[in-house]
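Q: got a predicted model here, sequence first, then my questions.
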Amino acid sequence: MKKFLRIKQNEEFQVILKNGKYFANRQFVVYYIVEKEKIDINHFLCGISVGKKLGHAVLRNHIKRKIRACLNNYKKQIPANIRMIIMARKGCINISHEQFEKGIYHLLVNAEIIRRIGS
């Protein structure tokens, strides 16, 4: 995921957190907004939040990289008018990469951001 496609500003985070819908599982929480107006960028925007309670900086950055890698796998399925924030929970720390990816997939499908594969 390119840097210019990330949500970084606190104001943007706050708008999505206050006005957006959310869905959670044991590993992650997603807050998202579906933009109704025409957008210049033909790609979804995503912010990633990993709190200090989850561990030291190296571990937090590793979790963020894994989330970005998983989102990269689904980037063609996520609509361009989606603005979302994914927050990591403690359940995502000691799991395999397959379980990590299943957690992201479960989150996106149940939040109705992407369609289930095969349907």
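A: Here it is on my side, so go on. Numbering: from 1, shown residues only.
Q: quick check: longest helix of this structure.
A: helix 57-73 (DSSP state H).
Q: so which residues of the protein form strands?
A: 21-24, 28-34, 45-49, 82-88 (DSSP state E).
Q: just to revisit the earlier point, show me what the longest helix of the chain is packed up against.
A: In terms of contacts (3 or more CB pairs under 8 Å, 6 or more residues apart in numbering; DSSP states H and E), helix 57-73 is packed against strand 45-49, strand 82-88, helix 97-110. For every residue, glycine as well, the C-beta is placed using N, CA and C.
Q: so where's the chain uncertain?
A: Within the chain, the stretches with pLDDT under 70 are 1-4, 38-41, 117-119.
Q: residue nearest the centroid of it?
A: residue 86 (3.4 Å; CA atoms, centre = their mean).
Q: does it touch residue 68 like I think?
A: No: between residue 86 and residue 68 there is no contact under CB atoms under 8 Å: 9.5 Å.
Q: common neighbours of these two, please.
A: residue 48 (CB atoms under 8 Å, 6 or more residues apart in numbering).
Q: closest to residue 116 out of the strands of the chain?
A: With CB to CB as the criterion, residue 116 lies closest to strand 21-24 of the strands of the chain, at 14.3 Å.
Q: CA atoms of that closest one as PDB?
A: What follows is strand 21-24, C-alpha atoms only, in PDB (Å, rounded to 0.1, in the frame of the first residue of the first chain):
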ATOM      1  CA  LYS A  21     -19.500   2.100  11.300                       C
ATOM      2  CA  TYR A  22     -17.400  -0.600  13.000                       C
ATOM      3  CA  PHE A  23     -16.900  -4.300  13.300                       C
ATOM      4  CA  ALA A  24     -14.600  -6.300  15.500                       C
END
